[in-house]
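Novice: Have a look; sequence and predicted model below, questions after that.
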Amino acid sequence: MLGRRDPQESFFEARFWPHPVAQDSVYGRMAAVRDVLFSDDALAKMYCLDNGRPSLPPSLLCGVMLLQFHDDVSDGEAAERTRYDLRWKVALGLPLDFPGFDPTSLVNFRKRLLKHNQERYAFDRFLKVAREAGFLPDKLRQLMDSTSMKGAGATQDTYTLLRKGIRRLLKAMGFEVPEKRQGLQANLQGYVDSDKKAEIDWSDPNERAKQLKVLVQDAEATLDLAVECADDREVRLVGWLMTKILGDDVEIGEDGEPKLGQGVARDRMISWTDPEMRHGRKSSSQRWDGDKVQVAEEPGTELITEIDVVDASAGDGVSLLPMVQSVEEHLAVKVERATGDTAYGSVGNRVKCAEQGIDLVSPVSVPADPEVAKSAFQIDEVAGKATCPQGQTSTVVREVKDDAGRKVKQFVFEREVCVACPLFKRCVKSKASGRTVTLNYHEDVINEARERQRTEEFEEKYKERPKVERKIAELVRHGLRQARYVGRKKKRLQALWTAALVNLKRLFKLSGGDVQKVRAALLAVQHS
């Protein structure tokens, strides 16, 4: 049953007694708006209203979660601080003799938020307050960037993934029940009985190869058994993941024996603890295991307008338009400019932003070897000729199809001409033909963006981008770099509540220290 905060204030409430908590601190400012910061009624649908024991008031737990992310503490520590930390008692409006609560109350509260799709409650509430207070206009500019979030799951190698996958699939099919194990191959029974790593000399390549062969054979045998249980949802899911592991990590050599694949599949699964974890990279030398957090900020107010947790292996550019769309839907505004680094400036994004009236401020990526890149060629589509950096001209043009199946032009240089060029080894990758230059379907869009990048207007607009990097640094200080939970939905909740906390701090600052202005906006939103 829904529990509510008692409107009758206690004589023992911490803020009524002399205390050293500064009024201009986060704790002091939260105390000044405590009674309107959150509403029990706003989350009433998550509870039964007429049956059961009263819950802890959701408005109290919302405040506890904000402080938990502010101080970056565990559920157990958060529960302890409601009992012993004077700053928390002041911020939450708790009496000095508050007995605390069990940490599982926070676990159950997060489950309720997710079950009832209320993980955005605090984040959206504070943005509505910003709109009510006049901080956010109807037309917004957006700064976009991403950061890494290290996963809470264990990163596992191929051998471990296969072993644990076989065990999970057998258990999903019910083979852990003694009666059903009759007739199951003895070698497969061992996976159900034990999850121990094989006792071999792991430093010996031959031993590792033999073990891989055993695991692959057992995995295929288990998948064959799973065909008979294909109607079971869990069996289908685990079976699909097992098939993915075999496809991504294992290849068959020329001798017909399985071996570890060369290179890493972009979407490779790396953990059974958290199957959504992936390898992520900022560069060839910087890798993390987990997820990626996308952040959108309004530069005028420096408020976070959207935040999301996405696949670590996905490019930043794919998140730009979904983030913009989400901002417009949740805030009822129009995004008129989006600014991001080169990862957001794909041709597709430039075309779609132009169609939607969004000014995309993003530099064109710099090629690894500019002297022989396509941008170094002088191309005249009308005349049908291309001139290379060394002055050689080709009029041989053919039509090819791009990845989307669209017809595009391709200029071809004779190999005999290219061989005599001092840039041949750097310029020509083919072993049979000369240099080819393929135009993009939207080549004019790329050229226009490259020309714009040289203007003062572009430089002036792009100067705003570092603000979002500072905002991400603030989120990281509150623990966003490390995932607290397993599963992307829970990690998204972590990101949203951390961003809500950061936005609340910013609202207090935007009000110029006038907490009553924030209070009035909170009241207006509460009654709307």
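Specialist: All right, it came through fine.

Novice: In this structure, mark out all the strands, start to finish.
Specialist: 139-150, 250-252, 258-260, 278-283, 286-298, 303-311, 334-339, 359-361, 378-380, 385-387, 393-394, 396-401, 407-412, 436-438 (DSSP state E).

Novice: what lines up beside the shortest one in the sheet?
Specialist: This means strand 393-394. Strands that pair with strand 393-394, judged by DSSP bridges, come out as strand 385-387 (antiparallel).

Novice: Tell me the gap between the partner strand and the middle of its chain.
Specialist: Relative to the centre of its chain, strand 385-387 is centred 43 Å away, using Cα atoms, centre = their mean, to the nearest Å.

Novice: Can you give me the distance of the closest residue to G63 other than its chain neighbours to L260?
Specialist: Take G63 and drop its neighbours on the chain: the residue closest to it by Cβ to Cβ, 6 or more residues apart in numbering is L92, 4.9 Å away. The way it works is simple: take the backbone N, C-alpha and C, and place the C-beta from them, glycine included. To L260, L92 is 53 Å away according to Cβ to Cβ, to the nearest Å.

Novice: Show me which of these two is the more surrounded one.
Specialist: L92 (28 against 13; other Cβ atoms under 10 Å).

Novice: what's near enough to touch that one?
Specialist: Listed by Cβ atoms under 8 Å, 6 or more residues apart in numbering, the contact set of L92 reads 30-31, 34, 60, 63-64, 67, 82.

Novice: Please identify which of those residues is nearest to D41.
Specialist: Among the contacts of L92, L60 lies closest to D41 (Cβ to Cβ), at 13.8 Å.

Novice: which residues does M277 contact?
Specialist: Residues counted as contacts of M277 (Cβ under 8 Å, 6+ apart) are 151, 153, 155, 269-271, 289-291, 312.

Novice: dump the residue contacts of the closest residue to R4 other than its chain neighbours.
Specialist: Counting by Cβ to Cβ, 6+ apart, R4 lies nearest to D40, which is 4.6 Å off, once chain neighbours are set aside. Contact partners of D40, counting by Cβ under 8 Å, 6+ apart, are 2-5, 57-59.

Novice: any idea how far D40 lies from R83?
Specialist: D40 is 22 Å from R83, where distance means Cβ to Cβ.

Novice: ok, now Q494?
Specialist: 24 Å.

Novice: again, but for M242
Specialist: From M242 to R83 the distance is 47 Å (Cβ to Cβ).

Novice: Please apply the same query to A265.
Specialist: A265 sits 49 Å away from R83, going by Cβ to Cβ.

Novice: Give me the below-cutoff pLDDT ranges for the stretch 301-450 of the chain.
Specialist: Of all residues in the stretch 301-450 of the chain, none has pLDDT under 70.

Novice: Please repeat the previous calculation with a cut-off of 90.
Specialist: Residue ranges of the stretch 301-450 of the chain with pLDDT under 90: 365-368, 381-382, 403-404, 431-432.

Novice: give me the number of residues near the closest residue to V310 other than its chain neighbours?
Specialist: Leaving aside its sequence neighbours, V310 sits nearest to K292 (Cβ to Cβ, 6+ apart; 5.3 Å). Residue neighbour count, defined by other Cβ under 10 Å, stands at 22 for K292.

Novice: what is K292 paired to in the beta sheet?
Specialist: With DSSP bridges as the rule, K292 is bridged to S148, V310.

Novice: what's the pLDDT at it?
Specialist: K292 carries a pLDDT value of 97.

Novice: And A14, by the same measure?
Specialist: pLDDT for A14: 65.

Novice: Kindly report the same for L61.
Specialist: L61 is assigned 97 on the pLDDT scale.

Novice: contacting residues for it?
Specialist: Residues counted as contacts of L61 (Cβ under 8 Å, 6+ apart) are 105-106, 109.

Novice: Now which of those would you call buried?
Specialist: Those of those that meet the buried threshold are 105-106, 109, by 16 or more other Cβ atoms under 10 Å.

Novice: quick revisit: of all the contacts of M277, which comes closest to E414?
Specialist: Nearest to E414 among the contacts of M277, with distances taken as Cβ to Cβ, is A312, at 44.3 Å.

Novice: That closest one contacts G290, doesn't it?
Specialist: Yes - using Cβ atoms under 8 Å, A312 is in contact with G290, at 5.8 Å.

Novice: How far does stretch 440-456 sit from its chain's centre?
Specialist: Computed by Cα atoms, centre = their mean, the chain-centroid distance of stretch 440-456 equals 29 Å.

Novice: quick one: terminal-to-terminal distance for that stretch?
Specialist: Start and end residues of stretch 440-456 are separated by 27 Å (Cα to Cα, to the nearest Å).

Novice: What lies in contact with it?
Specialist: By Cβ under 8 Å, 6+ apart, the residues outside stretch 440-456 that reach it are 345, 347, 350-351, 354, 362-364, 375, 379, 381, 402, 404, 406, 408, 458.
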